[in-house]
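A.B. asks: sequence and predicted structure are below.
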Amino acid sequence: MKSPFSIKELNKAMLQRDKKLLDSLSIVINVLYALMIFETFLILPRPDDPELEYSSLEQIYSENVMVLLVIVVGLIMILTFWIQFNKLIGNLVRSSAVHASLAIIQMVFLMIYLYFVRFDLEYDGLTLALQMESVFLALAGFVGALNWMYARRNKLTSEEIDEEEEVSILYSILPEPLAALISLPFAVMGPGIWSLSFLTIIPIGMFFNWRKKQRFGPGKISGN
């Protein structure tokens, strides 16, 4: 028996569903990022904590410098991933089951990362916790890069951007997970050195900027 719908109508319906999926995905992921940022601020030492015995707010933070450093790194990384997500989503016209699943997996990795941040602070710079933070930050970043490559190959991206811009966006995603991977061996040196090791993101970013110039020429880089 023939379907009452033509192939053209079915394709149109699928495109509409994929566009709605993209809208839903954007809402869900943005809410999750907002909740993670809220949770990050809840980790900060609180003056009303009955277990803390400090006479001033300055004393609280001066004696918890390493705690603050780890939290600042965590907050910066989560904000960076959030900005990247909205940058990527702004260059897509639709989603798919695979694309949406990868986006959710990335969020799961970030939430596990945040769990280990709390674990790290609870056990005062535990090496294993710092290592797991590096691992899950790297996994989250690489899954994001994989998802962007999947979107490119399956024509989920907007026709308004060309291959040059798509590759430029990919290059802008990679410094964060690579810096997280490089930070892994520094975890044994303590939270201070571990946090500072994320500064490798600067030379990594410079390398990818050089790579873009080599590939496309200095006058053709957009990155948006």
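C.D. replies: Structure received. Numbering: from 1, shown residues only.
A.B. asks: all helices for this protein, in order.
C.D. replies: Shown for the chain, the helices assigned by DSSP state H span residues 7-43, 57-62, 65-89, 97-122, 127-153, 163-173, 175-183, 191-196, 201-216.
A.B. asks: return the set of buried residues in the third one.
C.D. replies: Buried residues in helix 65-89, counting neighbours by 16 or more other Cβ atoms under 10 Å, are found at 66-68, 70-71, 73-75, 77-78, 80-82, 84-85, 88-89. From N, CA and C alone the C-beta is placed, and that goes for glycine too.
A.B. asks: pull out the buried positions in stretch 187-199.
C.D. replies: Neighbour-count burial for stretch 187-199, counted by 16+ other Cβ under 10 Å, picks out 187, 191, 194-195, 197-198.
A.B. asks: distance of the residue nearest the centre of the chain from residue 17?
C.D. replies: For the chain, residue 81 is the residue whose C-alpha lies nearest the centre (Cα atoms, centre = their mean; 2.7 Å). Distance check for residue 81 against residue 17: by Cβ to Cβ, to the nearest Å, it reads 27 Å.
A.B. asks: likewise for residue 165?
C.D. replies: Taken as Cβ to Cβ, the span from residue 165 to residue 17 is 27 Å.
A.B. asks: can you give the distance of stretch 21-29 from its chain's centre?
C.D. replies: 16 Å (Cα atoms, centre = their mean, to the nearest Å).
A.B. asks: got the buried residues for that stretch?
C.D. replies: Under the neighbour-count criterion of 16+ other Cβ under 10 Å, stretch 21-29 has 21-22, 25-26, 29 buried.
A.B. asks: can you name the residues in contact with it?
C.D. replies: 85-86, 89, 92-97, 99-100, 103-104, 107 (Cβ atoms under 8 Å, 6 or more residues apart in numbering).
A.B. asks: try 6 Å
C.D. replies: Outside of stretch 21-29, the residues within contact range by Cβ atoms under 6 Å, 6 or more residues apart in numbering are 85, 89, 92, 94-95, 100, 103.
A.B. asks: same question for stretch 99-113.
C.D. replies: Residues from elsewhere that reach stretch 99-113 (Cβ under 6 Å, 6+ apart): 21, 25, 32, 133, 136-137, 139-140, 143-144, 147, 151.
A.B. asks: can you say which of these are buried?
C.D. replies: 21, 25, 32, 133, 136-137, 139-140, 143-144, 147, 151.
A.B. asks: okay, the residues you listed in TSV with distance to residue 183 and pLDDT next?
C.D. replies: Output for these, formatted as TSV (distance: Cβ to Cβ, whole Å; pLDDT from 0 to 100):
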residue	distance to residue 183	pLDDT
21	34	87
25	29	90
32	24	90
133	8	91
136	12	95
137	8	92
139	13	96
140	14	94
143	18	95
144	17	93
147	22	94
151	28	92
